[in-house]
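Trainee: requesting a structural model of the entry that follows:
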Amino acid sequence: MAYLPPYKRHPSSTACAPTPNPPSPSLSSSLRSLSLSSPRGRGRRPRPSNKIIHATGCVSRWSPLPHFSLFPEDGDGDGDGEEPTLRLEPFPCEPIERKTGAKPLVLVASSPGQGSSGSTAAAVATIADRFLPDLLAAAERAKAGYVTKEEELVKLSLVARVGKVLFQSQPNGSPVSLETLRQATKAGEDGTKSQLHKLFYTNVPSECLDDMEQSMVKKMALEFDSSKEHYHVKVWFYNAPTQSNYDLVFDKYQSDSTMSCKCTVDENGSLSIHKVSVPLSNHASASDSSMMTPFVQVEWNQVRHLVEDISCLFKDLDLRLMLCTERILKTLDSEVENALKSLVSSAVIDPDVKGGLRWPLGKESIGDRFSIVGVWHTNYKAFRNESLRLKLRHADRFDHRSSTGEVSNEVTFKLIGMSRRLEDDDPEETSLKKMLESSVQMVWDNALNYKIAP
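Mentor: Numbers count the residues shown, from 1 in each chain. The predicted model follows:
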């Protein structure tokens, strides 16, 4: 049966299921003991973590564009005057509302005229001047902190994403205010850590993806690259071996991690781990077949080294620039490989469940070390030129840990030209700055103008 994305299904199949009544305490205890049974002699097994991995020294900050200094200090007017003003407004976001019971907030500005937003050239220069020094430093930390291993292929990946920067109440329960945001911006400028509770929401309307495919791809002179459907099976690996020599905040305190298997449907309709050919080394060319090797596509968690979120106040969408390390396993231990293949082959493809996959009772884990923690079903189209790859993706996700799912449409630019340059021993700053400015301008002019507002 062909996959039917949730937004195209009959309403009866996409309606939210009613929240079930909680099981009795005795049943809850039994289920908990089954799912978290302690390995003999080793104490209780910890719960799978869903934390994003940040490398030690990772810079993660937020700023508005234009800067706060261009707005009145009280900043909460109705925008009827000549000067632009700022305000925080509730933003409808069902996944967050389901978790917190409240709408997150988005920063918006009144715009009395087009000229108040500044020119594209000024915006691009501001972003590049701020981001590039930290990018170079983060790339050097990433390369210095990793010792090459034969079983792993490690790549730096610089991406730009579009969406909305959303704010939530602080961890101590205090509400978000314009003064809170001003303090967070100042902390980012000073290189200190703020307590700002934010997230970058990447879901855009499906019409946005259609419009980008039909118009933006032509404006950006991109050529069609590929169109694929994948299932991503997220497997929690308890007592995982040391993954790398990164000093990770996450791996530093617990010996578990998450592996992601990219899967496809084979000819007989069953799921199997996708095989991919990648360069044997970080510097090998993808066009040189003699330097390529095929293996199943299994990856460790990505590691973030730099995250720059920008609220683009006179655009419809906001911008995230992010540097990560991708860690692809070229060889697998026999125990790990057999476990992953067993978990994947046990999956039942079901378009009527979130994530598109389900497992028969008892088949979603193997022993005390491997268990399914999430699934994604993705369909995407990719377009590219020599320096940039655009991916328009529809993703249907389900998290087994929280029993929650989410469907999203996402726009991601992989800055492949800059990623390759950053791998060099001594990347040339002037050429990198030109490449960064060119990429940011392309995104600024073409990808941030789709209306998505509260």
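Trainee: what are the buried residues along the longest helix along the chain?
Mentor: Longest helix in the chain by number of residues (criterion: DSSP state H): helix 120-144. Across helix 120-144, burial judged by 16 or more other C-beta atoms under 10 Å covers 123-124, 126-128, 130-131, 134-136, 138-139, 141-143. C-betas here are computed from N, CA, C, even on glycine.
Trainee: following element in sequence after it, please.
Mentor: Toward the C-terminus, helix 120-144 is succeeded by strand 152-167 as the next helix or strand (DSSP states H and E).
Trainee: how about the helices in the protein?
Mentor: For the chain, the helices defined by DSSP H occupy 11-14, 25-35, 94-100, 120-144, 178-190, 206-211, 217-219, 334-345, 416-422, 429-446.
Trainee: which residues touch the shortest one?
Mentor: With C-beta atoms under 8 Å, 6 or more residues apart in numbering as the test, helix 217-219 has contacts from 224, 383, 390, 445-446.
Trainee: how far off centre is it?
Mentor: The chain centre lies 24 Å from the centre of helix 217-219; the measure is C-alpha atoms, centre = their mean, to the nearest Å.
Trainee: same check on the fourth one?
Mentor: Taking C-alpha atoms, centre = their mean, the mean C-alpha location of helix 120-144 is offset from the chain mean by 19 Å.
Trainee: now the angle from that helix to helix 429-446?
Mentor: Relative orientation of helix 120-144 versus helix 429-446 (axes from the mean of the first three to the mean of the last three C-alpha atoms, to 10 degrees): 130 degrees.
Trainee: hmm, back to that, select, out of the helices of the chain, the one closest to residue 378.
Mentor: Each of the helices of the chain was scored for nearness to residue 378 using C-beta to C-beta, and the closest is helix 206-211 (12.6 Å).
Trainee: next, the buried residues of that closest one.
Mentor: So helix 206-211, judged by 16+ other C-beta under 10 Å, has buried residues 208-209.
Trainee: pLDDT of it, averaged?
Mentor: If you average the pLDDT over helix 206-211, you get 87.
Trainee: before we move on, what about stretch 122-131?
Mentor: Taken as a whole, stretch 122-131 carries a mean pLDDT of 95.
Trainee: just the CA atoms of that stretch, as CSV, please.
Mentor: Only the C-alpha atoms of stretch 122-131 are listed here, as CSV (Å, rounded to 0.1, in the frame of the first residue of the first chain):
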residue,chain,number,x,y,z
ALA,A,122,23.3,45.4,5.3
ALA,A,123,21.5,42.4,6.7
VAL,A,124,23.8,39.9,5.0
ALA,A,125,26.9,41.8,6.2
THR,A,126,25.6,41.9,9.7
ILE,A,127,25.0,38.2,9.8
ALA,A,128,28.3,37.3,8.2
ASP,A,129,30.4,39.6,10.4
ARG,A,130,28.8,38.1,13.5
PHE,A,131,28.8,34.5,12.5
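Trainee: is residue 345 in contact with residue 266, as I believe?
Mentor: No: counting by C-beta atoms under 8 Å, residue 345 does not reach residue 266; the two are 10.2 Å apart.
Trainee: look at these two and report which has more neighbours.
Mentor: residue 345 (13 against 10; other C-beta atoms under 10 Å).
Trainee: that one: what's it in contact with?
Mentor: By C-beta under 8 Å, 6+ apart, the contact list for residue 345 reads 270-272.
Trainee: switch to 7 Å and redo it
Mentor: Going by C-beta atoms under 7 Å, 6 or more residues apart in numbering, residue 345 touches 270-271.
Trainee: cool, and the one 5 residues further on?
Mentor: Residues counted as contacts of residue 350 (C-beta under 7 Å, 6+ apart) are 356-358.
Trainee: which intervals of the stretch 351-454 of the chain have sub-threshold pLDDT?
Mentor: Along the stretch 351-454 of the chain, the model assigns pLDDT under 70 to residues 451-454.
Trainee: may I see the ChimeraX selection of the buried members of the contacts of helix 217-219?
Mentor: To isolate the buried ones among the contacts of helix 217-219 in ChimeraX, judged by 16+ other C-beta under 10 Å, type:
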select :383,390,446
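Trainee: closest to residue 257 among the contacts of helix 217-219?
Mentor: Nearest member of the contacts of helix 217-219 to residue 257, counting by C-beta to C-beta, is residue 390, at 30.0 Å.
Trainee: excluding its backbone neighbours, what's nearest that closest one?
Mentor: Leaving aside its sequence neighbours, residue 390 sits nearest to residue 383 (C-beta to C-beta, 6 or more residues apart in numbering; 4.7 Å).
Trainee: name whatever forms a beta bridge with the one you found.
Mentor: Beta bridges link residue 383 to residue 224, residue 390 when assigned by DSSP bridges.
Trainee: correct me, but it touches residue 224?
Mentor: Yes: here residue 383 reaches residue 224: they are 5.7 Å apart, a contact under C-beta atoms under 7 Å.
Trainee: hey, what's in contact with both of these two?
Mentor: Joint contacts of residue 383 and residue 224 (C-beta under 7 Å, 6+ apart) do not exist.
Trainee: can you pull the contacts of the residue nearest to residue 390?
Mentor: With contact taken as C-beta under 7 Å, 6+ apart, residue 383 is in contact with 217, 222-225, 390.
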